[in-house]
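> predicted model, plus sequence, below.
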Amino acid sequence: MTSNVDDKKPVSEMANELWGVYLEIKVISLIHWCYRQSYVSNV
């Protein structure tokens, strides 16, 4: 099985996009969790 450098570039770009989406979801869920925690403690 032979692989060119050109074949690996799109895969790494796709991985970077997936990683970016993953981080966005984590940050958003963390913000929601912190907001919910502060809301519950204030009630």
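Okay, I see it.

> geometric centre of the protein: which residue is closest?
residue 22 (1.5 Å; CA atoms, centre = their mean).

> just the element for that one, please.
In the assignment (DSSP states H and E), residue 22 maps to helix 5-42.

> mean confidence score for that helix?
Taken as a whole, helix 5-42 has an average pLDDT of 88.

> counting contacts, what elements does it pack onto?
Using 3 or more CB pairs under 8 Å, 6 or more residues apart in numbering; DSSP states H and E, no helix or strand is in contact with helix 5-42. (C-beta placed from N, C-alpha, C; glycine too.)

> gap between it and the chain center?
Relative to its chain's centre, helix 5-42 lies at 2 Å (CA atoms, centre = their mean, to the nearest Å).

> go on, stretch 36-43?
How far stretch 36-43 lies from its chain's middle: 26 Å, per CA atoms, centre = their mean.

> now it: buried residues?
For stretch 36-43, burial by neighbour count (16 or more other CB atoms under 10 Å) applies to no residue.

> all numbers from here: first residue = 13
Right, with 13 as the first residue, what we last looked at is stretch 48-55.

> rewinding a little: in the helix holding residue 34, what counts as buried?
Buried residues in helix 17-54, counted by 16+ other CB under 10 Å: none are found.

> can you tell me how far the residue nearest to the centre of the chain sits from residue 28?
11 Å (CB to CB, to the nearest Å).

> repeat that for residue 39.
Distance of residue 39 to residue 28, given as CB to CB: 16 Å.

> and if you look at residue 46?
Using CB to CB, residue 46 is found at 27 Å from residue 28.

> what of residue 36?
13 Å.

> check residue 49 too.
Computed as CB to CB, the residue 49 to residue 28 distance reads 31 Å.

> ok, residue 35 next?
Between residue 35 and residue 28 the distance is 11 Å, computed by CB to CB.

> next one: residue 42
21 Å.

> what of residue 43?
For residue 43, the distance to residue 28 equals 23 Å [CB to CB].
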